[in-house]
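>>> Fold the following, please.
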Amino acid sequence: MRLGLIGLGRIGAFHAQTLTDLPVVDSLVVTDALPAVTAEVAARLGAEPADSPVALLAAGVDGVVVAAATDAHPSLIVAAVEAGLPVFCEKPVARTMAEGLKVQRQVEAAGVPVQIGYQRRFDAAFQAARAAVAGGELGWLHTVRATTLDPAPPPAAYVAVSGGIFRDCSVHDFDSIRWVTGREVLEVYATGANRGDELFARAGDVDTSAAVLTLDDDTLVLVSNTRYNPRGHDVRLELHGSRDSIAVGLDDHLPLRSVEPGVSFPSGEPYQFFMDRFLPAYRAELEAFTEVVAGRRPSPCTVADALEAGWIAEACTTSLELHRPVRMEEVRQ
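Numbering: from 1, shown residues only. So this is what the prediction gives:
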């Protein structure tokens, strides 16, 4: 299989190595907005350089991985599907929901599969949690707790264009909640605070947030996020039901310190970065994409799926601004 990769920044270079290591990928064509980066990655991995996305799309590839800047996602997705090429694209689909809806219409008209990169769907523990819910092991759910705590803030330039903590960080929790529970969100109430660097306030953002989501079966979901968790990268999902309770992320690398007498859990080195927390999941999602390219499976995370998580982020952003609950139909208008 011959694949193309557009964008060789932090996540793009990471994907380049992963794709190179997949046995099914015979050759890889890469390009970046910076020619020197393209040349370096191509030389290091034995990939074929292309001087532009247009050249890459014309290089006889079977599918395309998009890891470029968010503003380029819509045009690159559309260009690839119009060329008949399946696409894997990092989230988000687009910077705004209006752009995302336009991309969705164009993708559906082209009839070419697109997979959006929500890697938690490929994490073994998240998959086990989904199976437990679907199999009825937990009974009916009453409470779900989702947590994503970053060890340190991203660069100020990134924060300025991130769209805010709900669209950039919490959206992974929102997608996981929908996927694991199989339910939709009806209403949100969100709040936030700034106790760290002023860069967040200058960008109209918060560095710590909390949201209460009400699902369509009245399950309550508590979502907690922050940019300041120096102990490490903490991603967890708890599901509490009428029969049982389970947790994702409760292992020896959990970035949390117990002060209970005689308790040594967790005893391992805390996760420090999302890439080490989800390394197997990142490989699994790209393996899944090769199956999508080969026509052996449908997209495991469609544009429509990604936009649903985006709508929840929009509702939480609106709730934060208005200091009140917001129903989903309000933002969809």
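
>>> Only the buried residues of stretch 95-110, if you could.
95, 97, 99, 100, 101, 103, 104, 106, 107, 110 (16 or more other CB atoms under 10 Å). Just so you know, the C-beta spots here come from the backbone N, C-alpha and C atoms, and that holds for glycine as well.

>>> residue contacts, the first one?
I take that to be residue 95. Applying CB atoms under 8 Å, 6 or more residues apart in numbering to residue 95 gives the contacts 70, 71, 163.

>>> With neighbour count, secondary structure and pLDDT added, can I get these in JSON lines?
Formatted as JSON lines, the contacts of residue 95 follow (neighbours: other CB atoms under 10 Å; DSSP: H, G, I helix; E, B strand; the rest coil; pLDDT from 0 to 100):
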{"residue": "70", "neighbour count": "19", "secondary structure": "helix", "pLDDT": "92"}
{"residue": "71", "neighbour count": "11", "secondary structure": "helix", "pLDDT": "93"}
{"residue": "163", "neighbour count": "20", "secondary structure": "coil", "pLDDT": "91"}
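
>>> Closest one to residue 263 out of these, please.
Residue 263 lies nearest to residue 163 out of the contacts of residue 95, by CB to CB, at 39.6 Å.

>>> From residue 96, how far out is the closest one?
Per CB to CB, to the nearest Å, residue 163 is found 9 Å from residue 96.

>>> quick one on the thing from earlier: from the buried residues of stretch 95-110, which ones fall inside helices?
97, 99, 100, 101, 103, 104, 106, 107, 110 (DSSP state H).

>>> which one of these sits closest to residue 318?
The closest of those, once distances to residue 318 are taken by CB to CB, is residue 97, at 11.5 Å.

>>> so that closest one touches residue 311, yeah?
Yes: with contact defined as CB atoms under 8 Å, residue 97 counts as touching residue 311 (6.8 Å).

>>> A helix includes residue 44, no?
Yes: Residue 44 forms part of a helix when assessed by DSSP: H, G, I helix; E, B strand; the rest coil.

>>> so what pLDDT did it get?
Here, the pLDDT recorded for residue 44 equals 97.

>>> any idea of the angle the longest helix along the chain forms with helix 97-110?
When the chain is parsed with DSSP H, its longest helix is helix 303-322. Put simply, helix 303-322 runs at 170 degrees to helix 97-110, going by axes from the mean of the first three to the mean of the last three CA atoms, to 10 degrees.

>>> partner strands of the very next helix or strand once past helix 303-322, parallel or antiparallel?
As assigned by DSSP states H and E, the chain's next helix or strand after helix 303-322 is strand 326-327. Sheet pairing here is set by DSSP bridges, and for strand 326-327 it gives strand 185-193 (antiparallel).

>>> which helices and strands sit right next to the next helix-or-strand element following the partner strand?
Downstream of strand 185-193, the next assigned helix or strand under DSSP H and E is helix 199-202. Using 3 or more CB pairs under 8 Å, 6 or more residues apart in numbering; DSSP states H and E, the elements in contact with helix 199-202 are helix 156-161.

>>> mind listing the helices in this protein by residue range?
10-21, 35-45, 53-57, 73-82, 97-110, 124-134, 156-161, 165, 171-181, 199-202, 274-277, 279-293, 303-322, 328-332.
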